[in-house]
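Peer 1: Model the structure of this input:
(3 chains, ligands or ions: 2)
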Amino acid sequence: MGDLSELATLASKHMETWLFYLVALITVPFAFGVLLDRNIIRAGFLLIGVFGGISALFLLLQAQFLAMAQLMIYAVGITLVVVIALMLTNPRMEEDKSPSIPAQKAPAALVGTLLFIALYMAILSEGWGNNSEALSPDNITIIGYSLLTHYALPFEFASILLLIALVGAVMLAKHDHFNSKADIDEIEEETKEISERNEHVVKV
Amino acid sequence: MTSSAVPYNLNEIGKFFLLSGVWLGIIFGAVWAACWAVGMLVPQLILNAYPNDPCALNVANAIRLLTPLVGVMVFIPINAMYMVLAERRGLALFTVRKGPNRVGPDGFLQTAADAVKLLFKENINPHGGDVLMFTLAPIIFFAPSVFGAIPLLAAVTSNHDLFKIVNLPTGIFYVLAMSSIPVVGIVMGGWASNNKYSLVGGLRSAAQAISYEIPLVLAIITTCFLVGSLDVVNIAQMQKGTDNLASFGFLNWNFFGAGAIPHYLDLLMQGKLEGAQVVTSAFWSLALAFCCILLCGIYLTGACAEINRIPFDLPEAESELVSGYNTEYSGIRFAIFFLAEFTNLFIVSTVAVVMWFGGGATPFPGFLDANTFASIATPFNQALAQAGLPPLMDGQTMSGAFWAIFKTYALVYFAILVRGTLPRFRIDQLLDFGWKKLIPLSLILLLAVTYIRELV
Amino acid sequence: MFALVGRSIESLYQVARGLKTVFKHTVRPPITKNFPDDMPDLPGHFRGRLALAVNPQTSEHLCISCLQCERVCPDKCIQITSHKSPETNKPELIEFKIDHGLCMFCGLCTEVCPTSCIINTNDFEMADYTRESLVYDLKRLTLSQDESAHYFAKKELPMPKPKPPKPAAKPAAPAAAAKPAEDKPEAKPEVKAEAKPQDLPAAPAPESPKKEEQ
Ligand code: SF4
Ligand code: SF4
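Peer 2: Ligands and ions are numbered 1, 2, ... in the order given. This is a model prediction of the structure:
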């Protein structure tokens, strides 16, 4: 019994670390799965696992709000849109059996390595101080406050960016059907013709 | 048959209520007993057996922590069984039928038999489907409803000690995040079935859930904003009415403008309002109450769409898609889908109760409140105390749980009534309604509430 | 804007009307019949299991082996074996088989039957354990005299006239029915070939009295 309680205290002391490794152990294979799975839709679903793991990491950092937002927006909203886009653009949903071209492998590896180094340097240069200060229990208030005061401008910019993207999407979606005014005129004429013909038929 | 002797359908309606009463008693009793056993009895027995042992204390605490989970796990299957039965009998009432009335007295055990049947049926994997995803889908659909229900427990039991730990400061946001996950399960199941009907069902569900989540979240956020808190316990407790006029019973609910109306009445009675103020103040209070009723309506609509209930059950429209995303499912996996669907209905109703209908507060002060329940509980507690066991219940928790469950089932019956009344939407009408009507309306309400709040 | 408000109010009104209907139905006693306890009250023209009627008055078999039903059946689930009776020179029934697993209960056979022999009964509980037992033979198909009387009354069919040369026909049928065990394989093809030209003159004969009655 004594051993057990010692173990318990030991575990609780390093609980966060253990949990971090546990979450990482689950998340990293998901991430590899996203890269390696040849079935692109399954890769999309695996992405949900990755985002879920990241939100668990946020939870470990006591950033509840961020964790929930991550889960709601990335893990569900965005990934679903991605998956649906994949399903709609790849209607036969067969696995991509085409062999990868070796000529592309070397540049891909190079770019990947460079990207990794760049990210690593960026994260390292941030100088993460080990802040042992306890988080305020109502950090949502603080987030809301800073979003609307200190970070108001970036916040607004982000929303404008989204708006532009939305308008662009609408434009693209509309563009497909009616290329120009001439096209629309043509279609209108045709409709008129058809309706006239139908009237004739009805009269007969 | 005696039913012909009664001119109206009183016989069947009476049977329905009797059935509901007995089932609700079973649900309430089972969950209460499980929570009591895990949360109080077992820890006390352990502590009695090993007094002064720190390890035993740890174990006892760990078991106590499991109470919410055990409560939810006991609750979900029994509740789903009852809700399926209530839905079938209720719909039968609305459509001049009798409903299931064979298994057990008056069809009482029908759904229990169905559950047993489903559990023993063969699990079939569709040819060409993705077996792993196919198996995972029901789990992803079901698990969030277990976790999502937990913070609500604290709200409906008036923040009982055992459920305090599950009360997150981001409460309602957590519930929303959890309730947005099941749609992934639907899309996954639809895709993994290798069946075009399932796939179309899954895609429809995704489109629908994503579009109706926006008005739903906006409605909840607006209410949180009105109340000034995200914490479900806080929100529920703020609506607790008292018997003085400033916050009278049910008028203090968020449904009636988060206390605007009783506040106005109070000012009026005390004669603090003069001249034109009497009218303007009344106008703004009523406007706020109207906004809140609309918000609640938007929430209920969005929730209906989110959990695929009629009139928004396009993902499983029988006439078009066989059974939608769960066409290929059988056996226990289908049972899980079924279970989760009804649990989700219960959870969205609970959220509505906590957000708008006063949580566990009694609607009429003095009517079946904590004192009444305390007087019921005393003999039990005394009997248990004599046997050296922890008390079974306290009036506060009991009344909270009773009223919360009462209101929640009222909303569930409302959902059944809606199902019996409204026809199904068409997919374009559905998206039209969501994007062109509900989202603008909820944005307008957000703005309106911001300003009216200052004016009241 | 006002149009939108007007439309929402209109739709709310419509929903309220729907609710009113639902509530009205809620207090109406259910129309459900507890099936195994009380049998449903089926109309005479309900198309259930097929059966062959006998003459309700004289209890002689009504089928004249005209093979009309066999020919008209879209599913080809009727199989009639008959031969030409040596005494009366008329086709005589040996075996009559209906595969109810194949039948779609369209009722076409009952409409062409000149003697109202083949009829749809009101029986619909015919679930069985094997497909073979869904193939009904002459014995299982033929109704008793009482049952025939019941259905003739219920369907308001005209009473059949007794066959004129019956003394010969009646004993011949059981005799023929007993025989087929070894006769059948060879009897069937040749009898059928014979019967077909035969039944053309035979068919109108019973039909004409029927028409007169109508
Ligand atoms: S009811 Fe129709 S299918 Fe059945 S035996 Fe008669 S003709 Fe054939
Ligand atoms: S149509 Fe009537 S009389 Fe002719 S063979 Fe068929 S059942 Fe017999």
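
Peer 1: Give the buried residues for the helix or strand harbouring residue B:261.
Peer 2: Element membership for residue B:261 (DSSP states H and E) is helix B:260-269. Residues B:260-268 are the ones in helix B:260-269 that count as buried (16 or more other CB atoms under 10 Å in any protein chain shown). Just so you know, the C-beta spots here come from the backbone N, C-alpha and C atoms, and that holds for glycine as well.

Peer 1: can you list contacts of that helix?
Peer 2: B:241, B:244-248, B:251-252, B:256, B:273, B:278, B:281-282, B:284-286, B:288-289, B:456 (CB atoms under 8 Å, 6 or more residues apart in numbering or on different chains).

Peer 1: can you check stretch B:202-209 too?
Peer 2: By CB under 8 Å, 6+ apart, the list of residues contacting stretch B:202-209 reads A:80, A:83-84, A:87, B:180, B:183, B:186-191, B:305-306, B:308, B:312, B:314-315, B:324-325, B:427, B:430-431, B:434.

Peer 1: go on, stretch A:17-31?
Peer 2: Residues contacting stretch A:17-31 (CB under 8 Å, 6+ apart): A:11, A:46-47, A:49-50, A:52-54, A:56-57, A:60.

Peer 1: List just the nearest of the buried residues of helix B:260-269 to chain A.
Peer 2: residue B:260 (23.8 Å; CB to the nearest CB).

Peer 1: Roughly how far does the closest one sit from chain C?
Peer 2: 23 Å (CB to the nearest CB, to the nearest Å).

Peer 1: where's that residue relative to residue B:452, distance?
Peer 2: 9 Å (CB to CB, to the nearest Å).

Peer 1: Now for these two: what residues contact both?
Peer 2: What both residue B:260 and residue B:452 touch, as defined by CB under 8 Å, 6+ apart, is the set B:284, B:288.

Peer 1: Closest approach to chain C from chain B, which residue is it?
Peer 2: Using CB to the nearest CB, residue B:98 is the residue of chain B that sits closest to chain C, at 4.0 Å.

Peer 1: Which of the three states applies to that residue?
Peer 2: Of the three states, residue B:98 takes coil under DSSP: H, G, I helix; E, B strand; the rest coil.

Peer 1: where does it land on pLDDT?
Peer 2: Residue B:98 is assigned a predicted lDDT (pLDDT) of 82.

Peer 1: what do you get for residue A:51?
Peer 2: On the pLDDT scale, residue A:51 is placed at 90.

Peer 1: State the helix or strand in which the spatially closest residue to residue A:40 that is not a sequence neighbour lies.
Peer 2: Excluding its sequence neighbours, the residue lying closest to residue A:40 (CB to CB, 6 or more residues apart in numbering or on different chains) is residue A:86, at 5.6 Å. In the assignment (DSSP H and E), residue A:86 maps to helix A:79-89.

Peer 1: Mind listing residues that contact that helix?
Peer 2: A:40-41, A:44-45, A:47-48, A:51, A:93, B:183-184, B:187, B:191, B:199, B:203, B:206-207, B:210.

Peer 1: Okay, buried residues for it please.
Peer 2: So, applying 16+ other CB under 10 Å, buried residues of helix A:79-89: A:79-80, A:82-84, A:87.

Peer 1: which residue ranges form the helices in the chain?
Peer 2: Assuming you mean chain A. All helices of chain A, identified by DSSP state H, fall at A:2-13, A:15-36, A:40-60, A:64-69, A:79-89, A:102-125, A:139-148, A:152-175, A:181-203.

Peer 1: I was thinking of chain C, sorry if that wasn't clear
Peer 2: C:2-26, C:68-72, C:108-112, C:138-141, C:145-154, C:166-178, C:180-202, C:204-213.

Peer 1: Could you list the low-pLDDT ranges of chain C?
Peer 2: C:163-214 (pLDDT under 70).

Peer 1: How about the residues of it by chain B?
Peer 2: Neighbours of chain B within chain C, by CB under 8 Å from any CB of the partner chain: C:15, C:18-19, C:22, C:25-32, C:34, C:38.

Peer 1: List only buried entries from those residues.
Peer 2: C:22, C:25-26, C:29-30.

Peer 1: Could you check the pLDDT of residue 158?
Peer 2: No chain in the question, so chain A it is. 89.

Peer 1: if you could check chain B rather than the one you did, that'd help
Peer 2: 66.

Peer 1: Name the residues of the strand or helix carrying residue B:112 that are buried.
Peer 2: In this structure, residue B:112 sits in helix B:110-119 according to DSSP H and E. Neighbour counts over helix B:110-119 (16+ other CB under 10 Å) mark B:110-112, B:114-115, B:118 as buried.

Peer 1: quick one: it near chain C?
Peer 2: No - judged by CB under 8 Å from any CB, helix B:110-119 stays clear of chain C, getting no closer than 14.6 Å.
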